[in-house]
Structures are given as structure tokens and as C-alpha cells.
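*Asks:* Here's my sequence, what's the structure:
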Amino acid sequence: MIKTNCTPGAMAGHVRSMPRRNVIKIYGMPTCKDCEYVERQVKGNPGYEIIDIGKHVKNLKAFLNLRDNNAAFEAAKKHGAAGIPCFVLENGTVTLVPEEAGLQSRPADEGESCGIDGNGC
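*Replies:* Next up, the predicted model:
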């Protein structure tokens with residue numbers, strides 16, 4: 001039997017923490033054409049994290065907090081858009097422009113995006 005003098009937490013100062021991985025967060029929903037297009041581009045890429053705002057209320061609340069408090073959404077709200085997909089870059093910048101997150105926008109010839117009023121869906 002091996003005896004130690006360690007108490008719970010005594011080794012805490014000796015444990016190296018894993019480096020925090022910076023990722024681009026993408027808020028969206030699978031029923032959104034633009035979100036689906038973006039999600040296909042990042043599938044399997046650990047540099048992106050997809051957050052489905054319809055999957056859990058905590059995800060929706062996090063998105064609504066961004067939408068309610070960030071100027072990046074002003075034009076989207078003015079035109080009746082939900083503002084998804086939404087990208088939170090590694091430095092905290094919020095954008096609705098896929099290219100600013102290293103991705104491509106869905107081509108306009110693939111049809112209109114869904115609006116809050118249901119147009120384009």
C-alpha cells in the first residue's frame with residue numbers, strides 16, 4: 001500500500017491546465033438556409049463552434065443578449081431579419097458577415113433568406 005501526505009486539492013498547483021482553444025462561435029439554426037450553408041463549410045473543423053439557438057433556451061438567451069446589445073445587428077433588425085448566422089470571432093468581435101469569419105456567404109442565386117415574417121423560407 002502506498003501512503004501519501006496529499007490532501008484533496010494539494011496537487012492543484014501542480015496540474016497544468018490545458019491551453020484554452022480559441023474558436024469562432026456561430027449562432028444559428030438548422031432551419032435557416034444561410035446557417036445550413038455555413039455549417040457545411042465548418043463541419044469537422046475544430047476552429048468553429050456551432051451553437052443551435054433553437055436547441056436550448058440558454059443558447060437562445062446568449063444569442064438574444066448579443067442581438068439586443070450589439071450594433072452589428074442594427075441593419076438586420078431594421079430589415080426584419082433574425083441576424084443569423086451570427087459570428088463571434090476569437091477577439092470577441094460580432095459580425096453577420098461570413099467572410100469576416102473566414103467563410104463564404106450563400107450565393108444569392110440560391111434564393112432569399114428567411115425573414116422573421118416568414119418570407120423566403
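*Asks:* Pull out the buried residues from the lowest-mean-pLDDT helix or strand in the chain.
*Replies:* In the chain, no helix or strand scores lower on mean pLDDT, DSSP states H and E than helix 74-78, which sits at a mean of 93. For helix 74-78, burial by neighbour count (16 or more other Cβ atoms under 10 Å) applies to residue 76. The way it works is simple: take the backbone N, C-alpha and C, and place the C-beta from them, glycine included.
*Asks:* again with stretch 44-55
*Replies:* 48, 50-53.
*Asks:* residues in contact with that stretch?
*Replies:* The contact list for stretch 44-55 (Cβ atoms under 8 Å, 6 or more residues apart in numbering) reads 21, 23-31, 39, 42, 59-60, 62-63, 84, 101.
*Asks:* Average pLDDT for that stretch, rounded please.
*Replies:* Taken as a whole, stretch 44-55 carries a mean pLDDT of 97.
*Asks:* Any idea how far it is from the middle of the chain?
*Replies:* Stretch 44-55 sits 6 Å away from the centroid of its parent chain (Cα atoms, centre = their mean, to the nearest Å).
*Asks:* Repeat that for stretch 40-54.
*Replies:* 7 Å.
*Asks:* repeat for stretch 69-79
*Replies:* Stretch 69-79 sits 17 Å away from the centroid of its parent chain (Cα atoms, centre = their mean).
*Asks:* ditto for stretch 22-29
*Replies:* Relative to its chain's centre, stretch 22-29 lies at 2 Å (Cα atoms, centre = their mean).
*Asks:* what comes up buried for it?
*Replies:* Applying 16+ other Cβ under 10 Å to stretch 22-29 flags 24-29 as buried.
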